Structure formats: C-alpha cells, structure tokens
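Undergrad: Below are the sequence and a predicted model for it; my questions follow.
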Amino acid sequence: MTAFQVNGKAVNVDADPSTPVLWALRDHLHLTGTKFGCGAALCGACTVHLNGQPVRSCSTPISAVTGQKIITIEAVGADKVGHAVQAAWVRHDVAQCGYCQSGQIMSATALLRANRSPTDADIDNAMAGNICRCGTYARIRAAIKDAAKTLA
C-alpha cells in the first residue's frame, strides 16, 4: 500500500511500488485526465504537479511519492492561477485534438505560479518537452501571456 495525497485527498494505492504514478491515477483512482503519451517522459502528456513542481507521471514510480502531494488536471483550476490558465486556454481556442492539453496546462500553471511575468524564453524553457502534435504552440504561448496578464 502506498499512501499519498491527490488533489487534496489522502489516498492509498495497492499496487507494486514500481507502478508509475500515471497508472495509479488512471487505473486505481479513476482520474483519467492525465494522459499516456510516450511512456518515456519525453512528450509531457502525463504531467502532474508533485509538491507544486511539474513531473512526468509516466516515469515516476508510486514509491517516490509516498507522503507527497499530487495535483492533477482535475483539480488544477481550483486556485486562481490554474483557473486563469484554463480560462485563457478557452479564450485562445488552444486545444485542437486536445490530447496533450492536460500536460500543457499543468506545465503552464507551474510556470505562472513561479513567474507571473514570463518572457518568451521563460515560456519556451518551461514548456520544453511538452509536445503538441497539432502544432498549437503559438496559441499556447498567447494563452500563457494572457493568463499572466490576468494574474497581474
């Protein structure tokens, strides 16, 4: 049994300690907003926040999150930063196919929690490794800038 917090709730997952957080979330806790992309921590579709930092849940074993706090896409909008990012995503019609968007939003929210006035270089650095096969990068950047302006 591995005990940790997800979206503010204490959870216990009865799975092999090497089970990736992604599969604990999806298969054991039925939180399916976090997506499987590559399984090798390269695409960012599985991004969640671990103690406030973006991590790739496909390569993070549940043994590494014992006693830790995880926030998923299902709860990221509960605070003003996450809400601002999600609202900007809608205003800028960012999602095309939408598959990568939960990971994109999680990375963008982590960026704006740490830096309310990101430069283009800051955005590029924070979003590096979040792949959008539809190529909505210009809309993602515009939405991040819009959310930052909303939060200012």
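TA: It's in.

Undergrad: can you give me the strands in the chain?
TA: For the chain, the strands defined by DSSP state E occupy 2-6, 9-13, 47-50, 53-56, 69-71.

Undergrad: Check this protein and tell me which residue is nearest its centre.
TA: The centroid of the chain falls nearest to residue 106 when counting by Cα atoms, centre = their mean (2.6 Å).

Undergrad: Distance of that residue relative to residue 15?
TA: Distance of residue 106 to residue 15, given as Cβ to Cβ, to the nearest Å: 22 Å. (Glycine included, C-beta is placed from N, CA and C.)

Undergrad: can you check residue 109 too?
TA: Residue 109 is 27 Å from residue 15, by Cβ to Cβ.

Undergrad: With neighbour numbers in mind, choose between the two.
TA: Higher neighbour count among residue 109 and residue 15: residue 109, with 27 against 16, using other Cβ atoms under 10 Å.

Undergrad: Name all residues that make contact with the closest residue to residue 37 other than its chain neighbours.
TA: Leaving aside its chain neighbours, residue 37 sits nearest to residue 45 (3.2 Å; criterion: Cβ to Cβ, 6 or more residues apart in numbering). Neighbour list for residue 45: 34-38, 99-100, 102-103, 130-131 [criterion: Cβ atoms under 8 Å, 6 or more residues apart in numbering].
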